[in-house]
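> Kindly generate the corresponding structure for this input.
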Amino acid sequence: MRKLCMLLFAMMTLVGCGDPILEIEENNRYHWQKYMNQKEFDSLEEGMSYLEVVEIVGGGGEAIQNNRYQWRDEILMTQAYVIEFKDDQLLSKEVVELKGHSNRK
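Residues are numbered from 1 along each chain as shown. The predicted structure is shown next:
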């Protein structure tokens with residue numbers, strides 16, 4: 001039984017290994033830190049990779065279209081940031097207004 005428990009623990013530990021985005025998100029002290037704020041948005045530059053953006057923001061974006069990702073604002077529930085990538089390089093960025101109810105957890 002002890003060996004089975006150790007094996008299950010090892011398997012659960014390995015599931016997250018190797019995923020740099022998951023590792024970045026797990027290092028956040030608070031759950032909301034995976035969202036973006038205006039300062040982080042302003043620091044993003046054309047040519048950055050998706051992983052570089054994730055490192056700055058503290059979490060991965062929600063895929064909304066081919067090569068377009070959305071991060072919700074850390075504070076404002078009516079604002080989000082949309083970043084478009086081409087060949088894993090930041091192509092464009094924009095602030096968008098959200099309408100309706102929040103689905104934050």
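> Give me the most central residue, this protein.
The centroid of the chain falls nearest to Gly60 when counting by C-alpha atoms, centre = their mean (1.5 Å).
> Show the model's pLDDT score for that residue.
Note for Gly60: predicted pLDDT of 94.
> what residues are up against it?
Gly60 makes contacts with 21, 24-25, 34, 54, 69, as judged by C-beta atoms under 8 Å, 6 or more residues apart in numbering. C-beta here means a position set from N, CA and C on the backbone, and glycine is covered the same way.
> cool, Asn27 as well?
Neighbour list for Asn27: Gly58 [criterion: C-beta under 8 Å, 6+ apart].
> and if we set it to 10 Å?
Going by C-beta atoms under 10 Å, 6 or more residues apart in numbering, Asn27 touches 33, 58-59.
> Dump those to JSON lines, plus distance to Met77.
Formatted as JSON lines, these follow (distance: C-beta to C-beta, whole Å):
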{"residue": "Gln33", "distance to Met77": "16"}
{"residue": "Gly58", "distance to Met77": "18"}
{"residue": "Gly59", "distance to Met77": "17"}
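> Neighbour-wise, give me the winner out of the residues you listed.
In terms of neighbours by other C-beta atoms under 10 Å, the contacts of Asn27 top out with Gly59 at 23 neighbours.
> and that residue, helix, strand or coil?
Assigned by DSSP: H, G, I helix; E, B strand; the rest coil, the conformation of Gly59 is coil.
> pretty sure it is in contact with Tyr35, am I right?
Yes: with contact defined as C-beta atoms under 10 Å, Gly59 reaches Tyr35; the gap is 6.8 Å.
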